[in-house]
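**Q** Sequence first, then the predicted structure, then my questions.
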Amino acid sequence: MSKKRKKLTNKDIYNNIIDALVENESAEFSSPEEHLNAIGIDPEKVTISGMNIVNQWKNKIRLERRKIQYQKIRAKFKGLWSTLAVTPAKDLKGTLVELLSNNDAELAKVYWHKLEDVNSTDLETMVKEQEVLDSFIDLFAELDDLSEE
Amino acid sequence: MSSVYSKRTAQEIIKYYGITKPDEIEIEAIALDRKVFVNDIFIKGSVARLQVKRQHGIISVNTNIKEPGKRRFAIAHELGHFELHKEKSKSNICSDKDFLNWYREKIDENEANAFAAELLMPESIFREYCPRDLPSFTLIGNLAEIFKTSLTATAFRYVELGHFPCALIASVDGRIKWMSCSSDFPSRILQIDTPVHKLSVAGSCLLGESAPSLPELVEKSYWLESGNENEDLKLHEHAVNLTTYNTILSLLFFN
């Protein structure tokens, strides 16, 4: 007599995923469906809330990876920052002109206000932060490779 | 935009990552996953700031911040600006006042504070961890340790979400600076800027005495407007002196 397959509960999915993750910690899947198939669950049988759990788990695992990545990036940028700290900042006036020409009026206003009223040391730091941000934008695209290093 | 929207945005993030426990709130990792890098540097004149470019951000946190709870709140606050206001402003510079004064007129700062409080102390998780005991700074200190948040931010959240009606008052330079009450706290607190009564617990701290370790009975008139309070209930005050911030926090409750 064939057993009728019952619909999986959230708890079943949750437990199956944890088991599968423990078995293959480094596994990466391009979609929740692929993830489910890989651990022997038919995605069609999964409820919407079950799929949400799968997605949450994927995000949770990524967050774990981000923790490690953050430490690596921090170490990388620490080097960059100490180099920047002893290098004179880019020409401040030039940076302002550049910002204005890019129509980034608001940021230019912040810089201008800083230049006039506060102190140039902090303004220099902000310009250097922009350099770090530029490097971060480039690096972010390669983050997943970084975690494999 | 409103504080409600700010809280909802933070709640969606908590749900997105399937966070169910306080120790899963890894603020730097969450920021990184939202394309924001947290950089600890020395900043002159501000606590933290955010710069945004092409949907990416950099949060600079002042290395002068010694308390880990305050650092986390500063990061969460700036992340709030990124999530809520990045289309509006490409740069935010936040001073101590933006984090400490919960009643500032700047709407963006209030929204960022509401976001940060919800992200670091999500309502559903925080309620679970709130004991049903009488309020005290010992209890709030324990919660602050669990959630890795500052005492002030945790006290503020406790008053909002705890199981016991209470009120939190901050006194600066001997005057009431700001206050927060549970929705079911039965009385009205004296006006902002009223001098602190010298016989209150906060008053004795002002005179150089150290704050008692347990809540003490105080006259209602020290802190409350006369009128609607129940005669049978006694007012208790527990205080803590935050000398670094020149602030005394008083926790009031009836029992």
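**A** Yep, it's here.
**Q** So for B:Glu83, what's the nearest residue that isn't a sequence neighbour?
**A** B:Thr9 (5.5 Å; Cβ to Cβ, 6 or more residues apart in numbering or on different chains). Where you see a C-beta, it was placed from the backbone N, CA and C, and this is true even at glycine.
**Q** Around the one you found, how many other residues sit close by?
**A** 18 (other Cβ atoms under 10 Å in any protein chain shown).
**Q** same deal with A:Ile73?
**A** A:Ile73 has 22 nearby residues by other Cβ under 10 Å.
**Q** B:Asp33 too?
**A** Using other Cβ under 10 Å, B:Asp33 has 21 other residues around it.
**Q** residue contacts, it?
**A** Residues near B:Asp33 by Cβ atoms under 8 Å, 6 or more residues apart in numbering or on different chains: A:59, A:62-63, A:66, B:17.
**Q** helix/strand/coil for the residue nearest to B:Glu83?
**A** Assigned by DSSP: H, G, I helix; E, B strand; the rest coil, the conformation of B:Thr9 is helix.
**Q** so where's the chain shaky on pLDDT?
**A** Let's take chain A. Low-confidence segments of chain A (pLDDT under 70): A:1-33, A:35-36, A:39-41, A:43, A:45-51, A:84-123, A:144-149.
**Q** meant chain B actually
**A** For chain B (pLDDT under 70), the answer is B:1, B:89-93, B:95-105, B:227-230.
**Q** Give me the most central residue, it.
**A** For chain B, the residue nearest the mean C-alpha position is B:Ala153 (2.1 Å; Cα atoms, centre = their mean).
**Q** among the contacts of B:Asp33, who's most crowded?
**A** Highest neighbour count within the contacts of B:Asp33: B:Tyr17, with 24 neighbours (other Cβ under 10 Å).
**Q** Could you report the separation of it from chain A?
**A** Using Cβ to the nearest Cβ, to the nearest Å, B:Tyr17 is found at 5 Å from chain A.
**Q** Is the nearest residue to that residue once chain neighbours are set aside part of a helix or strand, or is it coil?
**A** The shortest distance from B:Tyr17 to any non-neighbouring residue, by Cβ to Cβ, 6+ apart, is to A:Asn59 (4.8 Å). With three-state DSSP as the basis, A:Asn59 sits in helix.
**Q** ok, now which ones touch A:Asn59?
**A** A:Asn59 is in contact with B:16-18, B:33, counting by Cβ under 8 Å, 6+ apart.
**Q** ok, and the closest non-adjacent residue to the residue of chain B positioned farthest from its centre?
**A** Distance from the C-alpha centroid of chain B, by Cα atoms, centre = their mean, peaks at B:Arg54 (31.6 Å). With Cβ to Cβ, 6+ apart as the criterion, B:Arg54 has its nearest non-adjacent residue at 6.0 Å, and that residue is A:Ile137.
**Q** Can you give me every residue that contacts that neighbour?
**A** So A:Ile137 contacts B:53-54, B:56 (Cβ under 8 Å, 6+ apart).
**Q** now B:Leu120
**A** B:25, B:27, B:72-73, B:76, B:147-149, B:153.
**Q** And the next helix or strand past the helix or strand hosting B:Thr154?
**A** Element membership for B:Thr154 (DSSP states H and E) is helix B:151-161. Sequence order places strand B:167-172 as the next helix or strand after helix B:151-161, per DSSP H and E.
**Q** Can you mark which positions in the helix or strand just after that next one are buried?
**A** Next in sequence after strand B:167-172, counting helices and strands by DSSP H and E, comes strand B:175-181. By neighbour count with 16 or more other Cβ atoms under 10 Å in any protein chain shown, strand B:175-181 contains the buried residues B:176-181.
**Q** and if you look at stretch B:141-154?
**A** B:143-144, B:146-154.
**Q** Let me have those residues in JSON lines, adding distance to chain A as columns.
**A** Conversion of the buried residues of stretch B:141-154 to JSON lines gives the following (distance: Cβ to the nearest Cβ, whole Å):
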{"residue": "B:Leu143", "distance to chain A": "23"}
{"residue": "B:Ala144", "distance to chain A": "22"}
{"residue": "B:Ile146", "distance to chain A": "19"}
{"residue": "B:Phe147", "distance to chain A": "17"}
{"residue": "B:Lys148", "distance to chain A": "14"}
{"residue": "B:Thr149", "distance to chain A": "19"}
{"residue": "B:Ser150", "distance to chain A": "22"}
{"residue": "B:Leu151", "distance to chain A": "26"}
{"residue": "B:Thr152", "distance to chain A": "26"}
{"residue": "B:Ala153", "distance to chain A": "22"}
{"residue": "B:Thr154", "distance to chain A": "23"}
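**Q** Of all pairs in those residues, which one spans the longest distance?
**A** B:Ile146 and B:Thr152 (15.9 Å; Cβ to Cβ).
**Q** tell me which element B:Ser124 is part of?
**A** For B:Ser124, the host element (DSSP H and E) is helix B:123-129.
**Q** Next, the angle helix B:151-161 makes with the next helix or strand after that helix.
**A** Remark: after helix B:123-129, the chain's next helix or strand is helix B:137-147, criterion DSSP H and E. With axes from the mean of the first three to the mean of the last three Cα atoms, to 10 degrees defining the directions, helix B:137-147 sits at 100 degrees from helix B:151-161.
**Q** Residues contacting helix B:137-147, please?
**A** By Cβ under 8 Å, 6+ apart, the surrounding residues in contact with helix B:137-147 are B:22, B:25, B:69, B:120-121, B:126, B:129-131, B:133, B:149-151, B:153-155, B:157-158, B:213, B:238-240, B:249, B:251.
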